[in-house]
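Trainee: Coordinates only, no sequence provided:
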Ligand code: MN
């Protein structure tokens with residue numbers, strides 16, 4: 001088979017799998033190809049669990065190549081699970097159309113519109129609206145102007161609304177790169193609470209920003225130039241409300257396989273009480289061929 005035919009088959013297979021248009025699938029695969037040529041390989045893995053208490057898993061997750069997303073739906077019997085899934089889908093489509101920081105920001109806005117649209121159609125939509133958090137990382141390769149002679153490492157672009165989080169493990173150190181939108185996070189920023197006090201505060205679940213709640217929403221955005229060996233963690237609050245930062249860090253630093261690290265984190269959170277849905281994405285940025 002010619003390279004061209006094999007390539008077209010890959011594009012069609014991706015389009016069938018993701019629901020993207022042929023053009024969007026082509027663009028996404030080209031992007032991944034650019035990253036591969038620049039010597040990077042992304043290995044994503046995901047794990048999720050309803051936990052020990054809740055009846056329904058309202059978290060949704062996507063870990064596919066260059067896009068990692070976790071959304072934590074709210075609304076109980078009234079459709080938090082649908083809200084998180086719709087939001088993830090909207091973000092995926094926007095990033096497939098434009099694998100850029102702007103694509104991610106547009107995706108968050110599209111997620112807001114999509115959740116509000118289903119909320120309008122719900123029976124009994126007069127009560128509290130459904131909503132969801134969203135936390136995502138897009139691995140954004142160098143633009144068309146970047147030359148192969150001067151390769152640039154891809155950017156890790158994180159966007160978030162609400163209290164689902166993005167962390168970066170680099171040199172065995174764990175750093176949070178997302179910004180919580182919660183009442184206790186505001187108090188920490190104002191110097192009225194310590195991080196430790198916030199972590200056990202009874203009202204730590206109260207969000208100041210969420211997808212689907214207001215007519216418009218803006219995400220926080222953080223960009224980090226990637227390095228080979230970086231490991232990303234995207235998670236819902238069911239993880240960090242059950243496990244201390246050091247427990248999370250040591251599992252990530254000491255577990256080689258992303259798959260195993262994701263599963264272990266979810267298992268530990270459920271063992272520690274599992275009072276909420278737990279969702280974790282772990283993705284490694286490695287030199288190609290490593
Ligand atoms: Mn949660």
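Mentor: Yes, it's here. Predicted, not measured: the structure shown is a model, and the values here were computed from it.
Trainee: can you give me the strands for the chain?
Mentor: 40-49, 59-64, 67-74, 131-132, 134-140, 155-161, 165-170, 173-176, 220-225, 230-235, 278-287 (DSSP state E).
Trainee: Same list (these) but as a markdown table, adding mean neighbour count.
Mentor: Quick note: C-beta positions are derived from backbone N, CA and C, even for glycine. Compiled in a markdown table, those are given as follows (neighbours: other C-beta atoms under 10 Å):
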| stretch | mean neighbour count |
| --- | --- |
| strand 40-49 | 20 |
| strand 59-64 | 24 |
| strand 67-74 | 29 |
| strand 131-132 | 30 |
| strand 134-140 | 28 |
| strand 155-161 | 25 |
| strand 165-170 | 22 |
| strand 173-176 | 13 |
| strand 220-225 | 15 |
| strand 230-235 | 26 |
| strand 278-287 | 25 |
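Trainee: Which one of these lies nearest to the ion?
Mentor: strand 67-74 (4.2 Å; C-beta to the ion).
Trainee: partners of the closest one in the sheet?
Mentor: Strand partners for strand 67-74, identified by DSSP bridges, are recorded as strand 59-64 (antiparallel), strand 131-132 (antiparallel), strand 134-140 (antiparallel).
Trainee: give me every residue that touches residue 285.
Mentor: 40-42, 139, 154, 156, 226-232 (C-beta atoms under 8 Å, 6 or more residues apart in numbering).
Trainee: From what I see, residue 137 and residue 154 are in contact.
Mentor: No. With contact defined as C-beta atoms under 8 Å, residue 137 does not reach residue 154; the gap is 10.8 Å.
Trainee: Get me the contact residues on the protein for the ion.
Mentor: By the rule C-beta under 5 Å from the ion, the part of the chain lying against the ion is 72, 236, 237, 238, 276.
Trainee: at 8 Å what do you get?
Mentor: Residues of the chain that fall close to the ion, judged by C-beta under 8 Å from the ion: 58-59, 72, 133, 163-164, 205, 236-238, 241, 276-277.
Trainee: How about residue 133, nearest residue that isn't a chain neighbour?
Mentor: residue 162 (2.8 Å; C-beta to C-beta, 6 or more residues apart in numbering).
Trainee: Then residue 32?
Mentor: Residue 32 sits nearest to residue 65 (C-beta to C-beta, 6+ apart), 5.6 Å away.
Trainee: From residue 241, how far off is the one you found?
Mentor: 29 Å (C-beta to C-beta, to the nearest Å).
Trainee: and if you look at residue 4?
Mentor: 51 Å.
Trainee: Counting neighbours, go ahead and name the busier of these two.
Mentor: Neighbour totals were compared for residue 4 and residue 241, and residue 241 leads with 18 against 8 (other C-beta atoms under 10 Å).
Trainee: Quick check: the more buried one touching residue 278?
Mentor: No. The criterion here is C-beta under 8 Å, and residue 241 misses it with residue 278 at 9.2 Å.
Trainee: picking up where we left off before, the residues of the chain next to the ion in helices, which ones?
Mentor: 237, 238 (DSSP state H).
Trainee: Where does confidence bottom out across the residues of the chain next to the ion?
Mentor: Lowest pLDDT within the residues of the chain next to the ion is found at residue 205 (89).
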